[in-house]
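Chemist: Provided below are the primary sequence and the corresponding predicted coordinates.
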Amino acid sequence: MKTVLITGCSSGFGLEIARHFLARDWQVVATMRTPRNDVLPPSERLRVLALDVTDPQSIRKAVEAAGPIDVLVNNAGFGVASPAELTPLATVREVFETNTFGTIALTQAVLPQFRLRGAGVVVNVTSSVTLKALPLIASYRASKAAVNAFTESMALELEPFGVRARLVLPGRSPETRFGDNARPRMRGLDHEAYADLVRKVFAELQDTSTPTTRALDVAEAVWRAATDPAAPMRIPAGADAEAWAIDAS
């Protein structure tokens with residue numbers, strides 16, 4: 001029986017990914033900054049652990065408690081929506097600490113066991129916005145694009161050891177807390193210089209007639225990345241992400 005460790009499982013994509021692997025008889029280590037035992041179905045194959053990917057001590061404790069794993073899914077992250085000019089540098093650093101450096105730090109903590117065993121998969125969940133430039137998300141997009149670059153180079157280093165690294169690129173989803181998590185960090189949206197742009201962007205975000213991404217789309221893409229050795233490096237997840245990937249190719 002194989003084991004997967006997933007970050008950011010309290011809601012959204014991480015929660016659905018954990019459900020997906022549980023339903024397929026995997027052992028699941030579901031991690032959250034604040035552990036909750038009521039969001040996933042009870043199972044002898046489930047462990048819920050505390051993990052803050054920005055805290056080295058928390059990473060060390062979680063990896064030790066998890067024990068041997070077969071797949072690492074770096075899903076934890078949050079968004080921010082602000083004009084680049086008006087985004088405080090402290091907010092930019094905060095976004096990178098979680099989305100980029102947190103992913104790198106946890107990956108580094110897990111890779112030694114994969115390398116020594118000669119097997120293992122790292123799946124990094126980034127975003128389809130890395131395929132297409134959009135306004136108001138420069139810092140968020142940059143943090144995810146950095147993970148793409150990190151993962152693609154890392155995959156070349158790990159291949160000789162029998163270890164794989166893959167990317168899953170979700171599209172826009174109404175099933176996540178992206179807006180809720182981004183709201184406290186929004187700055188400059190009321191600035192008169194950007195008012196017209198902000199109104200246009202938010203009107204487009206509220207348009208429900210365009211394709212979006214379901215949490216299940218992301219879970220299925222992660223499953224493919226984790227279990228199919230022939231899976232491509234970048235796997236778009238969701239109808240909108242797939243369309244953007246075609247346009248970008």
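Modeler: Nice, thanks for sending it over.
Chemist: pLDDT-wise, which helix or strand of this protein ranks last?
Modeler: Least confident helix or strand, the chain: helix 178-182 with a mean of 54, by mean pLDDT, DSSP states H and E.
Chemist: where does this protein dip in pLDDT?
Modeler: 176-188 (pLDDT under 70).
Chemist: and the residue of it most remote from its centre, its phi and psi?
Modeler: What lies farthest from the middle of the chain is residue 192; by C-alpha atoms, centre = their mean that is 33.2 Å. The phi/psi pair for residue 192 (degrees, to the nearest 10) reads phi -60, psi -30.
Chemist: got it, and residue 140?
Modeler: The phi and psi values for residue 140, taken as degrees, to the nearest 10, are phi -60, psi -50.
Chemist: same deal with residue 49?
Modeler: Dihedral angles of residue 49 (phi, psi; degrees, to the nearest 10) stand at phi -120, psi 150.
Chemist: does residue 166 sit in a helix or strand, and which one?
Modeler: Per DSSP states H and E, residue 166 falls inside strand 163-170.
Chemist: just checking, what packs against that strand?
Modeler: Packing contacts for strand 163-170, counted by 3 or more C-beta pairs under 8 Å, 6 or more residues apart in numbering; DSSP states H and E, involve helix 103-117, strand 120-125, helix 138-158, helix 215-227, strand 234-237, helix 239-248. Every residue, glycine included, has its C-beta placed from N, CA and C.
Chemist: CSV for those, including mean neighbour count?
Modeler: Shown next, in CSV, are the helices and strands packed on strand 163-170 (neighbours: other C-beta atoms under 10 Å):
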stretch, mean neighbour count
helix 103-117, 18
strand 120-125, 25
helix 138-158, 18
helix 215-227, 23
strand 234-237, 24
helix 239-248, 17
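Chemist: do you know how far the closest residue to residue 118 other than its chain neighbours is from residue 90?
Modeler: Closest residue in space to residue 118, ignoring its immediate chain neighbours: residue 162 at 4.4 Å, by C-beta to C-beta, 6 or more residues apart in numbering. From residue 162 across to residue 90, the span is 41 Å (C-beta to C-beta, to the nearest Å).
Chemist: who's more crowded, the two?
Modeler: Taking neighbours as other C-beta atoms under 10 Å, residue 162 and residue 90 compare with residue 162 leading, 12 against 9.
Chemist: show me the contacts for residue 4.
Modeler: Contacts for residue 4 were tallied using C-beta atoms under 8 Å, 6 or more residues apart in numbering; they are 21, 26, 27, 28, 29, 69, 70, 71, 72, 73, 226.
Chemist: next, it: phi, psi?
Modeler: According to degrees, to the nearest 10, the main-chain angles of residue 4 amount to phi -120, psi 140.
Chemist: in the sheet, who's paired with it?
Modeler: Counting by DSSP bridges, residue 4 is bridged to residue 28, residue 71.
Chemist: right, and residue 105 touches residue 53 too?
Modeler: Yes. Residue 105 lies in contact with residue 53 (C-beta atoms under 8 Å); the separation is 6.5 Å.
Chemist: list the residues that contact both of the two?
Modeler: residue 59.
Chemist: ok, back up a step: dump the contacts of residue 4 to CSV, plus distance to residue 169.
Modeler: Below are the contacts of residue 4 laid out as CSV (distance: C-beta to C-beta, whole Å):
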residue, distance to residue 169
21, 19
26, 23
27, 26
28, 23
29, 24
69, 23
70, 23
71, 18
72, 17
73, 14
226, 15
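Chemist: between these, which sits nearest residue 126?
Modeler: residue 73 (12.0 Å; C-beta to C-beta).
Chemist: can you name the next helix or strand after the helix or strand containing that closest one?
Modeler: Assigned by DSSP H and E, residue 73 belongs to strand 71-74. Remark: after strand 71-74, the chain's next helix or strand is helix 89-96, criterion DSSP H and E.
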